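Chemist: Sharing a sequence plus its predicted fold:
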Amino acid sequence: MDIEIKDLHVNIEEKEIVKGVSLKVGKGEFHVIMGPNGSGKSTLAKAIMGHPKLKVTGGEILADGTDISEMPANERARMGIFLQFQNPIEIEGVGFVNFLHTAKRSIAQSDVDVNQFMGDVDSWTKKLKITNGIVGRSLNQGFSGGEKKKAEVLQLAVLKPKLAILDEPDSGLDIDAIKIVAENVNELAQKHEMGLIVITHYSRILSYMKPQFVHVMVDGKIVAEGREEMIAKLEKEGYEQFVKK
């Protein structure tokens, strides 16, 4: 899937958060968006996914040339767009595995072989070193921050989208867990030619993931772009160089 964002403007209530972002992500490309808190990174991610509380006030979001700016989130998911939330919500009474099976069926729009599905879940649970107990619990209920992140990567592995947007996939993870998450996301993206957008403040997860394109977002706009060397520059000089005085 090719995604092209053209001069996108997004409001939350009456406040403009995304202020004219343009971005292209081709099939199988790996992009990272970095920037300080409050720069609009998460809002951009939610806008691509079609979050109902956001209002697109200008611009377009094109998926393989089709404008999806007004398309509901469930239809975008069926097209193959996936968003890992920065802070996944807890839903009591909704079993994690049942949720994942329902999502898989909805996206496939057909029945899913239960044995194959459970084999897939079991395989990725082991790869991600997820404790077996969490798959029998309610969705994110009582999960630690790290367990929530791993559970979302498990969803990514089972659903196999065409474009994955990961919003701060390293938050709440210790060093070992960051490496596990990064290596498994790398494997999935490469195996399935998955487009990948990773949003992060810090470069620690990027020690294990090598983006092709780096974008710096400040105050609702992309203010700088580059390749992997941009990460080292940001680590050394920070975001202050891009902030208007």
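Modeler: In hand now; what should we look at? This one's a predicted model, so the numbers in the text were calculated from it and none came from an experiment.

Chemist: What is the burial count for the closest residue in space to residue 206 that isn't next to it in sequence?
Modeler: Nearest in space to residue 206, with sequence neighbours left out and distances taken as CB to CB, 6 or more residues apart in numbering, is residue 231 at 5.7 Å. For the C-beta atoms, the positions are set from N, CA and C on the backbone; glycine is no exception. Residue 231 sits with 20 neighbouring residues when counted by other CB atoms under 10 Å.

Chemist: Where do the helices of the protein begin and end?
Modeler: Ranges of helices within the chain are 41-49, 73-79, 96-108, 114-127, 145-159, 175-191, 229-237, based on DSSP state H.

Chemist: which helices and strands sit right next to the third one?
Modeler: If I follow you right, that is helix 96-108. Helices and strands touching helix 96-108, by 3 or more CB pairs under 8 Å, 6 or more residues apart in numbering; DSSP states H and E, are helix 73-79, helix 114-127, strand 138-139, helix 145-159.

Chemist: contacting residues for residue 137?
Modeler: With contacts defined as CB atoms under 8 Å, 6 or more residues apart in numbering, the neighbours of residue 137 are 95, 96, 143.

Chemist: want to try JSON lines for the helices and strands packed on helix 96-108, with mean pLDDT as columns?
Modeler: Converted to JSON lines, those look like this (pLDDT from 0 to 100):
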{"stretch": "helix 73-79", "mean pLDDT": "94"}
{"stretch": "helix 114-127", "mean pLDDT": "90"}
{"stretch": "strand 138-139", "mean pLDDT": "82"}
{"stretch": "helix 145-159", "mean pLDDT": "88"}
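
Chemist: For residue 213, find the nearest of those.
Modeler: Closest of the helices and strands packed on helix 96-108 to residue 213 is helix 145-159, at 20.1 Å (criterion: CB to CB).
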